[in-house]
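Chemist: this one's structure only:
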């Protein structure tokens, strides 16, 4: 029954226009970044290499597909959560708003089954969005800008990673980005269980992301204790894959925090939805 | 063994007691009327029956099995419409039935869906999105969804709300067909008392969250006093007759030469005979023992 | 970078006085090179920059054409080199001061200091150590206004009859590198941004091999991407 309803949920996602708004918006965003980089990438590059250019010259294809993919990922980590929440925040609340939840919840599928199937569908949608972002940023960028070593500006300086060392790093980064977006999807699903309209969960999800990001970036000592436990702190964990030496311990910690959030939020959603009276 | 048995059901929403003590049972083959004024707790009770709402107290069993313990197996044998059927508007009628059929607990193939769409008169509209359907069409699709997995029990909560007269007749006929041709057990909640009177064989009336009366529809109606509306050409003779021979009967002038007469036992033949011989000029005599009257009496409206 | 190899190739334009015969000899050898192609191996050790060892091909043609071809990102020194070239090729811009004799890695050299004659010159001071036995430049120490100091150590091998080095070691001043915080900031960082490495010197070692000298390279090659 779980898999049958997961298939149903995927059909519902595939039938909704809003699901394609996310993919379309993502495509446009990526194409805009690619266009901007094509038109004026050297200015951006100036930010990266500017401090060194008086002394050193950087030769080779610096503005390459790998750098564009990195820039796209860096820019979109703020926007893609909204596009994900647009769909996942509607999964339960949308059914409450239209009343179809009554028909769904009177079928011989458990409340746990309903939540899990929606969560699995949300997971697949998030995975598709992540892969689409990866395809656009890596494949399309490489096609337009060619390949080459990646020049990354880390807080402690410039790191140049050879092209041959990049594929697995991008794979790893995509995996971590997916984990971050999966957390957002699970968060919005949790809010979706609480709400009776789909706007609320989407807005609240974004508000939480903004608030937590703000707390995470404020250099105020009172927040230092909590920063590590905020999922937003670890949403950029994908970026540290491009550090040397490879920060295995930090990555494991981020994976732990994000997976912890996913498990916790899913458990809350299951607990709440199982006890919820459907009165809509 | 009753197919549905509800005993001492209660549901509180915080400090508000929506359902205080509701008990009834539905037998196999019943078309069971579930009546009550607005706010009586009908919808809450039906939602408890379908596990949409968790009861605060009491027991619900289907087929002798507790609903809370055997939810999935019970619901696979139940079809329902709660208030109005709300489908996925962005999907077609056929896709909606596929979605609900897939989680109905039974394997539903495309032919069954096509047959059901034909049964409810939606053949030819199966590929249309539900967003473009009228209320009546949605209601018919709702019935198709209810029957798709061939349930043993059908629970319909206000199935005729918002329908035009023809739609109401269609739904009524469909319920009668379900009872007579398909031998289904139907629990029907409705504000259309005349409809219940026509199609239900048993009923329960609840008010303020409590069961007021439960039983066979005709037996309950026959228990109540008989009221007649009488039209005569000689009202003075009628007055004189009642004062002289029937002083215990309730006698009330309505309008013109029309009067209302209420009696505890059925003495219609003797009354007609005396009215004729007293020269009252009887033009018509209509019995007024309806479910509506019974309902109003029961709920004290 | 272009300027660096321009510098190597065009040192022959030096117009030195008769007492600096060794430098003139060096210039004469360089003048014999019309063009060359070589494989280079670049190893950079610069604070704030982490880059693997890279390989590239370099192409040069008189008087100023230079090109680096590589699949990798290659970091080469740039510090003040354009100014240097303009400086060296115009003897009116400086005054030569012959200096001490010094042994560099077992090679006897003479220091020749170039002092700029214009106040606006980017180069404040250039010290060149030229071999006395064989006319080759073994060390150059340059001081500039905006980019500090840098030093070049030369090693020669097969192509020394053309005064083309087999290895050049650049020691550059990196104390003025600043990381742009807005670009470098990492939202993952829960503490203050790490301070920039305070080391002041960085080195870039360029090893040349497989020189192909005076084989002819078309001008159009240098304009192609």
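Modeler: Nice, I can see it. Small disclaimer: the values here were computed from a predicted structure and weren't measured.
Chemist: For chain B, see how far away residue A:64 is.
Modeler: Distance, residue A:64 to chain B, by CB to the nearest CB, to the nearest Å: 42 Å. Glycine gets a C-beta too; all of them are placed from N, C-alpha and C.
Chemist: quick one: contacts for that residue?
Modeler: Going by CB atoms under 8 Å, 6 or more residues apart in numbering or on different chains, residue A:64 touches A:142, A:145, A:146, A:147, A:148, A:149, A:150.
Chemist: Now do the same for the nearest residue to residue C:142 once chain neighbours are set aside: its pLDDT.
Modeler: In this structure, residue C:142 finds its nearest non-sequential neighbour in residue C:126, 5.2 Å apart by CB to CB, 6 or more residues apart in numbering or on different chains. As predicted, residue C:126 sits at a pLDDT of 83.
Chemist: Buried residues of the one helix or strand residue C:126 maps to, list them for me.
Modeler: In the assignment (DSSP states H and E), residue C:126 maps to strand C:123-131. Buried residues in strand C:123-131, defined by neighbour count with 16 or more other CB atoms under 10 Å in any protein chain shown: C:123, C:126, C:127, C:128, C:129, C:130, C:131.
Chemist: Save these as TSV, and put in distance to residue B:117 too.
Modeler: Shown next, in TSV, are the buried residues of strand C:123-131 (distance: CB to CB, whole Å):
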residue	distance to residue B:117
C:123	90
C:126	93
C:127	95
C:128	95
C:129	96
C:130	98
C:131	99
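Chemist: Which of the residues you listed sits closest to chain B?
Modeler: The shortest gap between chain B and any of these belongs to residue C:123, at 72.8 Å (CB to the nearest CB).
Chemist: and which of the buried residues of strand C:123-131 is nearest chain A?
Modeler: Within the buried residues of strand C:123-131, the smallest distance to chain A is 14.2 Å, found for residue C:123 (CB to the nearest CB).
Chemist: so the closest one sits right up against residue C:142, yeah?
Modeler: Yes. Counting by CB atoms under 8 Å, residue C:123 does reach residue C:142; the two are 6.4 Å apart.
Chemist: List the strands paired with the strand holding residue C:126, with their directions.
Modeler: According to DSSP bridges, strand C:123-131 forms sheet pairs with strand C:107-116 (antiparallel), strand C:137-144 (antiparallel).
Chemist: and the two most separated of the buried residues of strand C:123-131?
Modeler: By the measure CB to CB, C:123 and C:131 form the most distant pair in the buried residues of strand C:123-131, at 22.7 Å.
Chemist: Mind listing residues that contact the lowest-mean-pLDDT helix or strand in chain B?
Modeler: Each helix and strand of chain B was given a mean pLDDT (mean pLDDT, DSSP states H and E); the minimum falls on helix B:291-299 at a mean of 74. Residues outside helix B:291-299 that contact it (CB under 8 Å, 6+ apart): B:35-37, B:40, B:193-194, B:196-197, B:205, B:207, B:212-213, B:217, B:220-221, B:224, B:227, B:301.
Chemist: tell me the mean pLDDT for stretch A:159-173?
Modeler: Across stretch A:159-173, the average pLDDT comes to 91.
Chemist: Is chain C within reach of that stretch?
Modeler: Yes. Applying CB under 8 Å from any CB of the partner chain, one finds stretch A:159-173 touching chain C at A:159, A:160, A:162, A:163.
Chemist: and that stretch, how far apart are its ends?
Modeler: Distance across stretch A:159-173, first residue to last, is 16 Å (CA to CA, to the nearest Å).
Chemist: Throw the contacts of residue A:64 into a markdown table and include distance to residue A:190, pLDDT and neighbour count, thanks.
Modeler: A markdown table is the format used below for the contacts of residue A:64 (distance: CB to CB, whole Å; pLDDT from 0 to 100; neighbours: other CB atoms under 10 Å in any protein chain shown):
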| residue | distance to residue A:190 | pLDDT | neighbour count |
| --- | --- | --- | --- |
| A:142 | 37 | 90 | 16 |
| A:145 | 39 | 90 | 21 |
| A:146 | 43 | 90 | 13 |
| A:147 | 41 | 90 | 16 |
| A:148 | 42 | 90 | 22 |
| A:149 | 42 | 91 | 26 |
| A:150 | 36 | 91 | 23 |
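Chemist: any idea which of those is closest to residue B:83?
Modeler: residue A:142 (55.2 Å).
Chemist: residue ranges of the strands in chain B, please?
Modeler: Here chain B has its strands, by DSSP state E, at B:4-13, B:16-26, B:31-35, B:57-62, B:65-66, B:78-82, B:153-157, B:185-189, B:202-207, B:210-216, B:226-232, B:250-253, B:258-263, B:282-287.
Chemist: Give me the residues contacting stretch B:11-21.
Modeler: Here stretch B:11-21 makes contact (CB under 8 Å, 6+ apart) with A:277, B:8-10, B:41, B:44-45, B:48, B:53, B:55-56, B:58, B:208-211.
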